[in-house]
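Student: Predicted structure and sequence below. I'll ask about it afterward.
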Amino acid sequence: MLIGIIVFVLLFSKFFGSENTLVGVAVITAMLMFKSINISLRYREAIWAIIFSFIYMGFASYISRLNAFIGIPINFILVFIVIYLFTNEMETKAYLPFILCYVFLDGDPISSEQLMSRIIGLLTGGILIAFIYYISHKNLDDKNHLTIWEMISNIKTNSLQFNFSLRMAIGISIAMFIGRTFGFSKSMWISITVMSLTQPHYYQTKERIKQRVIGTMVGSIIFIILFECLVPSKFSSLVLLILSYIYTFIKKYDKQIIFVTLNSLGAAMVLFDTFISVPMRIALFYLGSNCFYGQ
């Protein structure tokens with residue numbers, strides 16, 4: 001499976017440009033998830049919702065980066081709509097690949113000349129995901145599922161679905177605003193921290209914060225030992241590939257964060273020295289945590 005994922009991402013990057021590599025990561029993540037996850041919308045509407053959400057995210061991320069203040073309402077509205085639309089069944093976390101994709105789009109900005117290739121890439125990705133959903137759920141009985149209009153017209157402001165969507169929208173909007181205002185090179189880490197920490201129930205979030213603090217620190221220490229003391233630079237990519245493969249088998253969140261930190265710092269090696277990227281990772285994690293508390 002790992003080889004298949006790598007090949008898909010490389011092909012996606014080849015066809016749509018290196019600036020859309022992370023889009024390919026989000027697309028393959030969604031394809032793997034929606035093989036077994038039911039969105040709980042009417043079958044046909046779920047397919048169209050997937051495709052249009054990806055296109056909408058492409059335009060919204062580009063426009064929101066034109067001005068940090070304009071970006072606040074754009075990011076808030078998009079995140080709220082996407083979260084609310086795909087959290088009818090909260091436990092499935094069907095919203096995750098969409099928000100992950102939007103965070104990636106924000107963290108890897110493009111020029112106006114690159115906009116069309118990004119939109120085409122997102123459209124293609126949306127169609128591929130919708131096709132997987134179609135194949136996996138074509139025999140599904142969706143009589144008890146809501147239409148999009150029914151979901152919108154029956155919004156309950158005191159529901160867990162509404163509350164979670166609101167908190168995620170506020171947190172990510174603040175995180176993206178901070179990243180753009182201060183021009184952080186890896187501001188995406190702030191948004192990813194907010195996305196990870198914001199959970200439907202507050203007690204889950206409190207527990208995750210503790211686990212993420214420990215995991216980030218342990219991962220940073222292991223990274224320094226591995227890539228500054230043990231592994232020659234020419235083998236860094238191979239080691240990171242092995243770590244990524246191991247990560248797919250890790251189920252506990254506190255252990256996952258160690259590997260997430262290792263891979264994030266590995267990606268940052270392209271731009272920064274280890275002793276710059278490690279403190280920056282910790283600092284941006286701290287900022288992301290504060291964005292959550294700001295909710």
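Tutor: Received the coordinates, thanks. Since this is a predicted model, take the numbers as computed values, not measurements.
Student: Can you spell out the domain ranges of the chain, please?
Tutor: 1-182, 184-295 (automatic domain parsing).
Student: quick one: which of these has the weakest pLDDT on average?
Tutor: Averaging pLDDT over each of the domains of the chain singles out domain 184-295 as the lowest, with a mean of 69.
Student: quick one: contacts of the helix or strand harbouring M151?
Tutor: Assigned by DSSP states H and E, M151 belongs to helix 148-153. Contacts with helix 148-153, where a contact means CB atoms under 8 Å, 6 or more residues apart in numbering, come from 41-42, 45, 49, 84-85, 88. Every C-beta, even on glycine, is put in place using the N, C-alpha and C of the backbone.
Student: What residues sit buried inside that helix?
Tutor: With burial defined by 16 or more other CB atoms under 10 Å, the residues of helix 148-153 counted as buried are M151.
Student: Distance from the following helix or strand past it to the middle of the chain?
Tutor: Note on helix 148-153: by DSSP H and E, the next helix or strand toward the C-terminus is helix 160-182. Centroid separation between helix 160-182 and its chain, computed with CA atoms, centre = their mean, to the nearest Å, is 13 Å.
Student: can I get the contacts of helix 148-153 in a markdown table with neighbour count, distance to V260 and secondary structure?
Tutor: Listed next are the contacts of helix 148-153 as a markdown table, based on neighbours: other CB atoms under 10 Å; distance: CB to CB, whole Å; DSSP: H, G, I helix; E, B strand; the rest coil:
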| residue | neighbour count | distance to V260 | secondary structure |
| --- | --- | --- | --- |
| L41 | 23 | 30 | strand |
| R42 | 20 | 35 | coil |
| E45 | 19 | 33 | helix |
| A49 | 21 | 28 | helix |
| Y84 | 21 | 26 | helix |
| L85 | 23 | 26 | helix |
| N88 | 16 | 28 | coil |
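Student: mind listing the helices for the stretch 151-295 of the chain?
Tutor: 160-182, 188-197, 202-224, 236-247, 253-268, 274-293 (DSSP state H, counting those that start in this stretch).
Student: between the second one and helix 160-182, how many degrees?
Tutor: When you say that, I think you mean helix 188-197. Per axes from the mean of the first three to the mean of the last three CA atoms, to 10 degrees, the angle that helix 188-197 makes with helix 160-182 is 170 degrees.
Student: Against which helices or strands is helix 188-197 packed?
Tutor: helix 96-107, helix 160-182, helix 202-224, helix 274-293 (3 or more CB pairs under 8 Å, 6 or more residues apart in numbering; DSSP states H and E).
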